[in-house]
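Visitor: have a look; sequence and predicted model below, questions after that.
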Amino acid sequence: MQEKTKIAVLGGGSWATALVKILSENKAEVRWWLRNTEDVQHLQQFGHNPRYISGVKFDLNYVLPSNNIQATIQEADWVIVAVPAAFIQQALSLLSAEAFQGKTLVSAVKGMIPGQNVLITDFLKNHFGVPAEHQCVIAGPCHAEEVALEKQSYLTIGSHDIDRAEAFCQLLRNRYVKANPLDDIDGVEYCAVLKNIIALACGIAHGLNYGDNFQAVMVSNAMEEIERFLHAIMPLPRKLTGSAYLGDLLVTAYSQFSRNRTFGNMIGRGYTVKSAQFEMNMVAEGYYAVQSIHELNKRLNVEMPIVSAVYRILYEGVGPGVEIDILKDQFK
Ligand SMILES: NC(=O)C1=CN([C@@H]2O[C@H](COP(=O)(O)OP(=O)(O)OC[C@H]3O[C@@H](n4cnc5c(N)ncnc54)[C@H](OP(=O)(O)O)[C@@H]3O)[C@@H](O)[C@H]2O)C=CC1
Ligand SMILES: O=C(CO)COP(=O)(O)O
């Protein structure tokens, strides 16, 4: 009998839950680290994650939930990090560089490490010495909630090592998931960070009662902003109309499932940042990312009116109406 591929998934939120569904249904052995003991016990007893997309039922012959992060990754060939960026340092604090040796690390995270303002793959390289070519990122327009409903979805796996990316695609492909490898790992990682900020801006505008006409213009302007930023930080010929770039921006800006859009919508309707965070039991990465991009852009000086507006609204207390009014006059 062929040995099962051993994969560790770190994180207990919606995206980790969706990825465990895909991988375990493809008969990989998934060791799953969640930080809460009660969640692990619930999974072991009932086969459901109690707090995130709880309708998904897991086959416990293939899914091994645990609170022990060292034991979770020990035997795995692939380690998927699916913890929101702001909590990664804390989540991985018990692990040493040796723990990752010989493994492929896959970031499922669409954020940056706050304070350090680095991408997750750079953090894993700097902090744990994981070489860039031993890493992949999961990109593309894909909400966990739609994976749970088995709706047709597309993922892009970025890596400097295209064979490794293809090998990971093979672990993901199924009846409703198509996966394609791509070598622009930094481009898709930065784009995923930026699209969350733009989706926040779209939510803010929606909360202020702007309509679809305005949002379409905001998204078109945003694409140009993203293009300028990527050109400044990582110039490469890339097709930004691809689904890992434009596609991910569109799904996050328009989907009812988007955390970032929902968070922005609350801000537009007058919630404070604290109260919006309290209302959502999920994480809007764009809130943290906008600070990192704002810091990075002090050096790059890219013209980023939408990102700057979101920064001023969330971190400087400027009224959302004031900032969107300014954008309204700048957009073409
Ligand atoms: N959801 C999606 O559809 C997609 C998400 N992603 C990315 O996946 C990553 C994970 O997000 P997602 O799964 O959506 O997360 P969710 O928003 O679904 O859940 C939040 C997660 O954050 C954890 N968390 C919250 N506060 C803390 C804290 N103080 N310390 C440690 N952990 C904390 C929660 O743990 P607990 O429950 O124990 O509090 C939970 O696991 C993000 O980077 C996101 O951008 C990428 C593609 C799709
Ligand atoms: O990246 C995502 C879909 O591709 C998820 O976006 P949200 O975090 O805004 O839900």
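Guide: Alright, I've got the coordinates. Ligands and ions are numbered 1, 2, ... in the order given.

Visitor: can you show me the strands along the stretch 101-250 of the chain?
Guide: 104-107, 112-113, 118-119, 135-139, 153-158, 177-182 (DSSP state E, counting those that start in this stretch).

Visitor: so which of those comes closest to ligand 2?
Guide: strand 135-139 (8.2 Å; Cβ to the nearest ligand atom). Just so you know, the C-beta spots here come from the backbone N, C-alpha and C atoms, and that holds for glycine as well.

Visitor: given the closest one, what are its sheet partners and their directions?
Guide: Its sheet considered, strand 135-139 pairs with strand 104-107 (parallel), strand 153-158 (antiparallel) by DSSP bridges.

Visitor: same list, those strands, but as JSON lines with distance to ligand 2, mean neighbour count and mean pLDDT please.
Guide: Listed next are the strands paired with strand 135-139 as JSON lines, based on distance: least, Cβ to the nearest ligand atom, whole Å; neighbours: other Cβ atoms under 10 Å; pLDDT from 0 to 100:
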{"stretch": "strand 104-107", "distance to ligand 2": "13", "mean neighbour count": "25", "mean pLDDT": "98"}
{"stretch": "strand 153-158", "distance to ligand 2": "9", "mean neighbour count": "24", "mean pLDDT": "98"}
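
Visitor: can I get the ones you listed in JSON lines including distance to ligand 1?
Guide: Output for the strands paired with strand 135-139, formatted as JSON lines (distance: least, Cβ to the nearest ligand atom, whole Å):
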{"stretch": "strand 104-107", "distance to ligand 1": "9"}
{"stretch": "strand 153-158", "distance to ligand 1": "9"}
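
Visitor: for Ile185, which of these is the nearest?
Guide: strand 153-158 (3.7 Å; Cβ to Cβ).

Visitor: send the alpha carbons of the closest one over as PDB?
Guide: The C-alpha coordinates for strand 153-158 follow below in PDB (Å, rounded to 0.1, in the frame of the first residue of the first chain):
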ATOM      1  CA  SER A 153     -12.600  27.200  -6.900                       C
ATOM      2  CA  TYR A 154      -9.200  28.000  -8.300                       C
ATOM      3  CA  LEU A 155      -5.900  28.200  -6.400                       C
ATOM      4  CA  THR A 156      -2.500  29.400  -7.500                       C
ATOM      5  CA  ILE A 157       0.600  27.900  -5.800                       C
ATOM      6  CA  GLY A 158       3.500  30.300  -5.900                       C
END
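
Visitor: and that strand with strand 177-182, angle?
Guide: Strand 153-158 and strand 177-182 are oriented at 20 degrees to each other (axes from the mean of the first three to the mean of the last three Cα atoms, to 10 degrees).

Visitor: is stretch 242-257 positioned near ligand 2?
Guide: Yes: residues of stretch 242-257 are located near ligand 2 by Cβ under 6 Å from any ligand atom, namely 248, 251-252, 257.

Visitor: surely Ala91 meets Leu34?
Guide: No: between Ala91 and Leu34 there is no contact under Cβ atoms under 8 Å: 10.4 Å.

Visitor: who touches both of the two?
Guide: Common neighbours of Ala91 and Leu34 are listed as Gly11 (criterion: Cβ atoms under 8 Å, 6 or more residues apart in numbering).

Visitor: center of this structure - which residue?
Guide: By Cα atoms, centre = their mean, the chain has its centre lying nearest to Lys110, at 2.6 Å.

Visitor: wait, Cys191 sits on Ala244?
Guide: Yes: using Cβ under 8 Å, Cys191 is in contact with Ala244, at 6.9 Å.

Visitor: give me the common contacts of these two.
Guide: What both Cys191 and Ala244 touch, as defined by Cβ under 8 Å, 6+ apart, is the set Ala139.

Visitor: show me what from the stretch 101-250 of the chain comes close to ligand 2.
Guide: So the stretch 101-250 of the chain meets ligand 2 at 110, 141-143, 196, 199, 248 (Cβ under 6 Å from any ligand atom).

Visitor: and ligand 1, which of the residues you listed reach it?
Guide: Within those, those near ligand 1 by Cβ under 6 Å from any ligand atom are 110, 142-143.

Visitor: related to what we said a few turns ago, neighbour count winner among Ala91 and Leu34?
Guide: Leu34 (25 against 17; other Cβ atoms under 10 Å).

Visitor: could I get the strands paired with strand 135-139 as JSON lines with distance to Asn297?
Guide: Putting those into JSON lines (distance: least, Cβ to Cβ, whole Å) gives the following:
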{"stretch": "strand 104-107", "distance to Asn297": "22"}
{"stretch": "strand 153-158", "distance to Asn297": "22"}
